[in-house]
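Chemist: Sharing a model prediction with you, sequence too.
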Amino acid sequence: MKDIKMNMNTPQESDTKSPAGGPDQSPFMSDYEIDKLGRQRPAVFASTLREFAFCSSLVISMFMAEYFISGFNIILPEISHILAIPVSSQTWPASVFSLVTGSFLLPLGRLADIHGAYLVFNLGLAWFFLWSLVAGFSTTYQMLIAARAIAGLGPAAFLPASVMLIGKTYRPGPRKNLVFSLYAAFAPLGFFLGIITGGATGQFLSWRWYFWIGAVVLFVVCVTGLLTIPNDGAEARGENGHVRMDWWGVVTIVPGLVLVTYAITDGAHAPQGWRTPYIIVAFVLGALSLGAAVYVEGWVAEQPLLPFDLFQPKYMGRLAVSLFFAYGVFGVFLLYASLHISNKMGASALMTAVWFAPMAGGGIILATVGGFTLHLLPGRVLLIISGLGSVASVALFAVMPAGANYWAFVFPAMVGATVGVDITFLVSNIFITTNVPRHKQGLAGALINSLLFLGISFFLGMADLAVAENNARTGEDDYKVAFWFATACAIVALLIFSTIDMGRASSDLTVEEKEEQRRQESS
């Protein structure tokens, strides 16, 4: 970084705000001034309290997305009994939510770019609240599955919009790092409290209260978001008036993702496994649809839903592949660690939740420490540390003997898991949003969350298939093969992480300011 930076504003525009809502700027900025801008409160917030409420809305939205994923697995046995869900359909209420969310992230991320993150974020939260409330009143399992599927559109809207809001509101620097740290920390916290709430409502109340409690929290977040999030609708329409929805991309990408993910997720549970005719048909049709999407996005669409130039920044493509593997490992760990603890180690639902507590506590600690130190450490070092944590989390369960001690195996595995996913999520969010222009921040948020949801679905489906085949061959109910598979995937992610040199997440110019600086230097 040079000692003197060129500001994107001209001298006549020095009385205007920066793109990130910063204070008045002169035509030139020194490193000191850039660092100062990266640390101070954006001018769009009139007070620290207003900024706190804004951040609370975003981090709790992430919290609730995880809450409705993790806790549902705890109450599913009771729901299956009360609503008489057939064994062949018991995976659907749990998987259909993530399936819909992961498949619709890209088009809803584009909507955020077109109409602004404020509108899409708040509509997504309101939609999520409504259908979570409906799910609590379900009288049949078909109604529950439908409500869970429709509710999945809510996180598909507000998750990319929340990343977009952070990316557009905060300049690159320590303050942005801290906000993203808190955002990442609330994912394992939501996962943990989802399990706790699911176990408590299932044991002392009714499974319906799990949904109603979540709906109450969502309602509060809806109100807070409406009152505190800056309305960027007019700004988005002004800056992104040229941006259009890629409908050809929608009709090829969404069905392709739905069908392929469904085939992979349900293949291990189908009557004849992957040889079941409807699984084969779904996979083939989905693969053909995704193949058509590649052609459409690369050579037909004027404004692709997933533009290839999104991967132009150095290491972006490599990072996307490594994240796909890393998030897949985390998904396998979450499910099979829960199954191993409850079925093999004999822990109750509430005890299982307590054993996951280090993930929640570790996430909060990493958020606090990471937010103040992230700009001091190279990105490659952080990714390698996260990769080692992921390897340790699944490898410990893979080698865990019968009657293993919690402190010797489970506790360090939980710490490794939170180190793996929290640091990875934090570093990748900051790197991607910092290297993507403002008019593509919604798609950047969609890409980040697509890698998360689709990575979990894909690798969890592969792990399920491996477990089903192994159990059919040995006649035993064993999860070791899933952990060994996840260990191999974690090693792949670690190896790719070691080749990514993204520098430090320190205060810097925005993409637009760098482009303006290059233009002025070349003129």
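Modeler: Nice, I can see it. Numbers count the residues shown, from 1 in each chain.
Chemist: contacting residues around W127?
Modeler: W127 makes contacts with A151, L153, G154, A157, as judged by CB atoms under 8 Å, 6 or more residues apart in numbering. Backbone N, C-alpha and C define where each C-beta goes, glycine included.
Chemist: can you tell me which residues contact the closest residue to L285 other than its chain neighbours?
Modeler: Leaving aside its sequence neighbours, L285 sits nearest to L259 (CB to CB, 6 or more residues apart in numbering; 5.3 Å). By CB under 8 Å, 6+ apart, the residues touching L259 are A282, F283, L285, G286, S289.
Chemist: can you put those in CSV and add distance to W127, pLDDT and neighbour count?
Modeler: Below are those laid out as CSV (distance: CB to CB, whole Å; pLDDT from 0 to 100; neighbours: other CB atoms under 10 Å):
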residue, distance to W127, pLDDT, neighbour count
A282, 27, 89, 21
F283, 30, 90, 18
L285, 28, 93, 15
G286, 26, 91, 20
S289, 25, 93, 19
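Chemist: just checking, which of those residues belong to helices?
Modeler: Among the contacts of L259, the members falling in helices (DSSP state H) are A282, F283, L285, G286, S289.
Chemist: Looking at these, which is nearest N73?
Modeler: A282 (23.7 Å; CB to CB).
Chemist: Report the two of the contacts of W127 separated the most.
Modeler: A151 and A157 (11.2 Å).
Chemist: who's more crowded, those two?
Modeler: A count of neighbours by other CB atoms under 10 Å puts A157 above the other of A151 and A157, at 29 against 25.
Chemist: So the more buried one is in contact with N122, correct?
Modeler: No: using CB atoms under 8 Å as the test, A157 is too far from N122 to be in contact (9.2 Å).
Chemist: How many neighbouring residues does A43 have?
Modeler: 13.
Chemist: Contacts made by the host helix or strand of V220 with the rest, please.
Modeler: Here V220 sits within helix 207-228, counting by DSSP states H and E. Residues outside helix 207-228 that contact it (CB under 8 Å, 6+ apart): 50, 53-54, 56-57, 60-61, 64, 67-68, 71-72, 75, 78-79, 82, 121-122, 125-126, 128-129, 132-133, 135-137, 197-198, 201-202.
Chemist: now, which of the residues you listed lie within helices?
Modeler: Per DSSP H, the contacts of helix 207-228 map to helices at 50, 53-54, 56-57, 60-61, 64, 67-68, 71-72, 75, 78-79, 82, 121-122, 125-126, 128-129, 132-133, 135-136, 197-198, 201-202.
Chemist: Grab the nearest non-local neighbour of the residue most central in space within the chain.
Modeler: Nearest to the geometric centre of the chain sits N449, at 3.9 Å (CA atoms, centre = their mean). Nearest non-adjacent residue to N449, counting by CB to CB, 6+ apart: L159, 4.6 Å away.
Chemist: Roughly how far does that neighbour sit from Q203?
Modeler: 30 Å (CB to CB, to the nearest Å).
Chemist: These two: which has the busier surroundings?
Modeler: L159 (27 against 13).
Chemist: I'd like the average pLDDT over the helix or strand harbouring that one.
Modeler: Following DSSP H and E, one finds L159 within helix 153-169. When pLDDT is averaged along helix 153-169, the result is 88.
Chemist: That one vs helix 207-228, what angle?
Modeler: Calculated by axes from the mean of the first three to the mean of the last three CA atoms, to 10 degrees, helix 153-169 forms an angle of 30 degrees with helix 207-228.
Chemist: can you list the contacts of W127 in JSON lines and add distance to F411?
Modeler: Formatted as JSON lines, the contacts of W127 follow (distance: CB to CB, whole Å):
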{"residue": "A151", "distance to F411": "34"}
{"residue": "L153", "distance to F411": "37"}
{"residue": "G154", "distance to F411": "34"}
{"residue": "A157", "distance to F411": "37"}
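Chemist: Out of those, flag the one nearest to Y336.
Modeler: A151 (25.2 Å).
Chemist: check contacts around the residue nearest to the closest one when sequence neighbours are not counted.
Modeler: Sequence neighbours aside, W131 is the residue nearest to A151 in space, at 3.7 Å (criterion: CB to CB, 6+ apart). Residues near W131 by CB under 8 Å, 6+ apart: A147, R148, I150, A151, G154.
Chemist: which of the residues you listed has the most neighbours?
Modeler: Per-residue neighbour counts (other CB under 10 Å) across the contacts of W131 peak at G154, which has 28 neighbours.
Chemist: Chain neighbours aside, what residue packs nearest to that one?
Modeler: F128 (2.7 Å).
Chemist: And for V391?
Modeler: Closest to V391 by CB to CB, 6+ apart is A490, at 4.4 Å.
Chemist: Only the buried residues of the host helix or strand of the one you found, if you could.
Modeler: Element membership for A490 (DSSP H and E) is helix 480-497. By 16 or more other CB atoms under 10 Å, the buried positions in helix 480-497 come out as 480-487, 489-494, 496-497.
Chemist: Could you list the residues in contact with that helix?
Modeler: Taking CB under 8 Å, 6+ apart as the rule, helix 480-497 contacts 318, 321-323, 325-326, 328-329, 332-333, 336, 380, 383-384, 386-388, 390-391, 393-395, 397-398, 420, 459, 462-464, 466-467, 470.
Chemist: Report the mean confidence score over that helix.
Modeler: The model assigns helix 480-497 a mean pLDDT of 94.
Chemist: what do you get for stretch 228-248?
Modeler: 78.
Chemist: Could I have the CA atoms of that stretch written out in CSV?
Modeler: This file holds the C-alpha atoms of stretch 228-248, laid out as CSV (Å, rounded to 0.1, in the frame of the first residue of the first chain):
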residue,chain,number,x,y,z
THR,A,228,-32.6,0.7,12.7
ILE,A,229,-31.3,-0.6,9.3
PRO,A,230,-30.6,2.2,6.9
ASN,A,231,-33.0,2.2,3.9
ASP,A,232,-30.8,1.8,0.9
GLY,A,233,-33.6,1.3,-1.6
ALA,A,234,-33.2,4.7,-3.4
GLU,A,235,-29.4,4.3,-3.3
ALA,A,236,-29.6,0.8,-4.8
ARG,A,237,-31.9,1.9,-7.6
GLY,A,238,-29.6,4.8,-8.3
GLU,A,239,-26.4,2.9,-8.3
ASN,A,240,-27.7,-0.4,-9.7
GLY,A,241,-30.3,0.9,-12.1
HIS,A,242,-28.6,-1.1,-14.8
VAL,A,243,-28.8,-4.4,-12.9
ARG,A,244,-31.5,-6.9,-14.0
MET,A,245,-32.7,-10.3,-12.9
ASP,A,246,-31.2,-13.1,-14.9
TRP,A,247,-34.4,-15.2,-15.4
TRP,A,248,-32.6,-17.8,-17.6
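Chemist: Can you give the distance from it to the centre of its chain?
Modeler: 22 Å (CA atoms, centre = their mean, to the nearest Å).
Chemist: Any buried residues in it, and which?
Modeler: Neighbour-count burial for stretch 228-248, counted by 16+ other CB under 10 Å, picks out T228, I229, P230, D232, E235, A236, E239, N240, V243, D246, W248.
Chemist: Just the closest of the residues you listed to V294, please.
Modeler: Distances from V294 to these, taken by CB to CB, are shortest for W248, at 11.9 Å.
Chemist: Dump the contacts of L259 to a markdown table, plus distance to F431.
Modeler: What follows is these, written out as a markdown table (distance: CB to CB, whole Å):
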| residue | distance to F431 |
| --- | --- |
| A282 | 35 |
| F283 | 33 |
| L285 | 35 |
| G286 | 30 |
| S289 | 30 |
